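Engineer: What follows is a predicted protein model with its sequence.
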Amino acid sequence: MHHDIDQLRRFYYQRALGRVVQRILRDRLTERWAPGGCTGMTVAGFGFAAPMLRPYLATARRVTALMPGQQGVMPWPVGMANHAVLCDETAWPIETGSIDRLVMLHGIETSEHPRELLAEAWRCLGPGGRMMVMVPNRAGLWAASERTPFGYGRAYTTGQIEAQMRAAGLSPEWHGSAVYVPPSERRFWLRSAQFWERLGLRISRVLIAGVVLVELSKQTRAPVGPGIKVHVPSPLELLDGAVRPARSPAGLARNEPRPAPLTQRP
């Protein structure tokens, strides 16, 4: 079941709970990828990652929000040149190896072809490129609530999402969690959201987060093992089969008689 663009936009930009979640996830992302460290890079997001990409608009060379066709697209960011693109989830309009940083939010958990989706992400990432995946936590309260976008699709544990990423050729580099506040619109929870985040990071074994974060990298290694030997022939091998003349005209001795010219009989 895919998300609807109108529901996602209302949650993250109009509901107070969605704005809190947006701030929490964006802060966790910028802790790992500081906007100043992405200067001159190509940054992209898939799914509904647009709220996570705004800090990079001022420093990155190019920022693109890829939104799957089943979800729909909206112009983004508001009041600026559009950076949002409608695409097929397994065929992105991105050159191979051109993305340096990729954020995936509300993308893989609702995908009908997750293996092909990850293969496309691997294709678009450059060597050494990094991807941050944000998915609902299977053990969290948010995955059990249908009042938020995290209650749709498949939920994951950290081990499950890392195993799926390894199968796609991506190497896990870091994992974390976020959104410890319950999925409630009550003012008490909204006002104390930052407190619960700080507390959850310290005692994560007691408090269960709503979102799992995994940072991955694309590593391309040189082939290991015996290489293919290239045979470069020597000049003597190139002339193999050619017969050197036994005596050249210039090498005849001065006193050696030359052959008489042929005469025509009368």
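Structural biologist: Now that the structure is in, tell me what you want to look at.
Engineer: correct me, but E215 touches M132?
Structural biologist: Yes. Contact criterion Cβ atoms under 8 Å: E215 and M132 qualify, at 5.3 Å. The C-beta positions use only the backbone N, C-alpha and C, and glycine is treated the same way.
Engineer: and those two? which has more neighbours close in?
Structural biologist: M132 (24 against 19; other Cβ atoms under 10 Å).
Engineer: residues touching that one, list them.
Structural biologist: L29, R32, W33, R101, L102, V103, M104, L213, V214, E215, L216 (Cβ atoms under 8 Å, 6 or more residues apart in numbering).
Engineer: Among the residues you listed, which are located in helices?
Structural biologist: Under the assignment DSSP state H, the contacts of M132 contribute L29, R32 to helices.
Engineer: now the contacts of M132: which count as buried?
Structural biologist: L29, W33, R101, L102, V103, M104, L213, V214, E215, L216 (16 or more other Cβ atoms under 10 Å).
Engineer: Pick out whichever of the contacts of M132 sits closest to F150.
Structural biologist: L213 (12.8 Å; Cβ to Cβ).
Engineer: what are the bridge partners for that closest one, then?
Structural biologist: Taking DSSP bridges as the rule, L213 bridges to M134, G176.
Engineer: what sits against it?
Structural biologist: Neighbours of L213 in contact, by Cβ under 8 Å, 6+ apart: R28, M132, V133, M134, H175, G176, S177, A178.
Engineer: R115: which element?
Structural biologist: Element membership of R115, judged by DSSP states H and E, is helix 114-124.
Engineer: residues of that helix that come out buried?
Structural biologist: Buried residues in helix 114-124 (16+ other Cβ under 10 Å): P114, L117, L118, E120, A121, W122, R123, C124.
Engineer: I'd like to know which of the contacts of L213 are buried.
Structural biologist: Buried among those (16+ other Cβ under 10 Å): R28, M132, V133, M134, G176, S177, A178.
Engineer: Export these as CSV, with columns for pLDDT.
Structural biologist: Formatted as CSV, those follow (pLDDT from 0 to 100):
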residue, pLDDT
R28, 96
M132, 98
V133, 98
M134, 97
G176, 93
S177, 93
A178, 95
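Engineer: Helices of the stretch 1-150 of the chain, start to end?
Structural biologist: According to DSSP state H, counting those that start in this stretch, the stretch 1-150 of the chain carries its helices in the segments 5-13, 16-32, 50-53, 114-124.
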